[in-house]
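> Mind looking at a prediction? Sequence and model below.
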Amino acid sequence: MDPFSDLLGLLRARSASAGTLIAGGSWGLDVPSYEAIKFWCVVRGTCLFVFGRDKPVRANAGDVVLLASPQAHVIASDLRARRTPFSDVLAAREGMIARVGQGDDFAMIGGKVLLDPVTARLLLDALPRLVVVHGDPRVQWVMHEMAREQADGSPGASVASAQLAHLMLIHVLRAHLASEAGGPSWLRAVVDRRLEPALCKMHADPGHPWQLGELAKASAMSRSAFAAHFTSVAGCSPITYLTEWRIHLAKRALRDDPQASLGELATSLGYASQSSFSNAFKRVTGAAPSLYRPI
């Protein structure tokens, strides 16, 4: 797989829920904090989002607001409107459709995406707490497909909506990265076209003793140019990236197979001994490999 797909696979993103909110007139919602990535897609109309004391964010039809960290917030047509607890609105929903206010001049899709708790920080640390995407065509296509599934109520609509929510996350991430907002991160590294050939090699064979020269040659750059560009995009050196990727793979292996041999895992990831692997693991994570096995 390409590095971005490989990273998404490691994150094991999955949709927890998705549904449509229809509103009209003057309305407001108090939305609690969720332990998940939360997104809102405005299908028609306009609304305001308020996060704490931050300046309100206006979202129009075709826009997506993604919350990368848990935070309570307000959604409203008018900030002076009486606010309804979101739990009350959900309790009265019919199928996948919830309603608030009077009328239907506003429609929005909401969803939650869960990540593997062991690897979630790889993505969350690379994102601002709030991502807003305005009118991206691919995002809009997914948005309208989700709205159609939920409005029709056809057999399999909930499963289709969950799959589309996952696709929504991918397109929002792509749109965010294309905007060049934010600093160096792993997320930027895995979508960088100049680094892709070298990263493909590292991801395809993480146990190989990759040298800077080999990786630079794969990306058709000199050693110094490659090292400088890699660090400016990823925020770390190529060898540090490789070490950390190996440890992330090790964490997944230990979690998936409680009986995994540390010696065999060390060899598969390019370490000369179990001791050197354990030392690298503890240096990156701050804990011994045994602590990542399920209890």
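All right, it came through fine. Quick caveat: nothing in here was measured; it's all calculated off a predicted structure.
> where exactly do the helices run in the protein?
3-11, 86-91, 121-124, 137-152, 157-178, 186-189, 196-204, 212-218, 223-234, 238-256, 262-268, 274-285 (DSSP state H).
> Pick the most deeply packed of those helices.
Counting by mean count of other Cβ atoms under 10 Å, helix 186-189 has the highest mean neighbour count of the helices of the chain, with a mean of 22. Bear in mind the C-beta positions are built from the backbone N, C-alpha and C, glycine included.
> tell me what that one is packed against?
helix 3-11, helix 121-124, helix 157-178, helix 223-234 (3 or more Cβ pairs under 8 Å, 6 or more residues apart in numbering; DSSP states H and E).
> let's go with 6 Å and repeat that
Applying 3 or more Cβ pairs under 6 Å, 6 or more residues apart in numbering; DSSP states H and E, we find helix 186-189 packed against helix 223-234.
> residues in contact with the helix it packs on?
Applying Cβ atoms under 6 Å, 6 or more residues apart in numbering, the contact partners of helix 223-234 are Pro184, Arg188, Ala189, Asp192, Leu212, Gly213, Ala216, Ser219, Ser237, Pro238, Tyr241.
> For the nearest residue to the fifth one once chain neighbours are set aside, give its distance to Trp27.
Translated: Leu212. Spatial nearest neighbour of Leu212, chain neighbours left out: Arg223 (5.4 Å); criterion: Cβ to Cβ, 6 or more residues apart in numbering. With distances taken as Cβ to Cβ, to the nearest Å, Arg223 is found 59 Å from Trp27.
> just for the stretch 51-200 of the chain, where's the confidence low?
181 (pLDDT under 70).
> Now do the same contact list for the closest residue to Glu145 other than its chain neighbours.
Spatially, and ignoring its direct neighbours in sequence, Glu145 is nearest to Leu164 (5.7 Å; Cβ to Cβ, 6+ apart). Under the criterion of Cβ under 6 Å, 6+ apart, the neighbours of Leu164 are Val142, Glu145, Met146.
> wait, which of these is closest to Gly9?
In terms of Cβ to Cβ, no member of the contacts of Leu164 lies closer to Gly9 than Val142, at 19.7 Å.
> I'd guessed that closest one sits against Leu167; true?
Yes - using Cβ atoms under 6 Å, Val142 is in contact with Leu167, at 5.3 Å.
> where exactly do the strands run in the stretch 1-150 of the chain?
Along the stretch 1-150 of the chain, counting by DSSP state E, counting those that start in this stretch, strands occupy 14-24, 28-31, 37-44, 46-50, 57-60, 64-67, 73-76, 83-85, 97-101, 106-114, 130-133.
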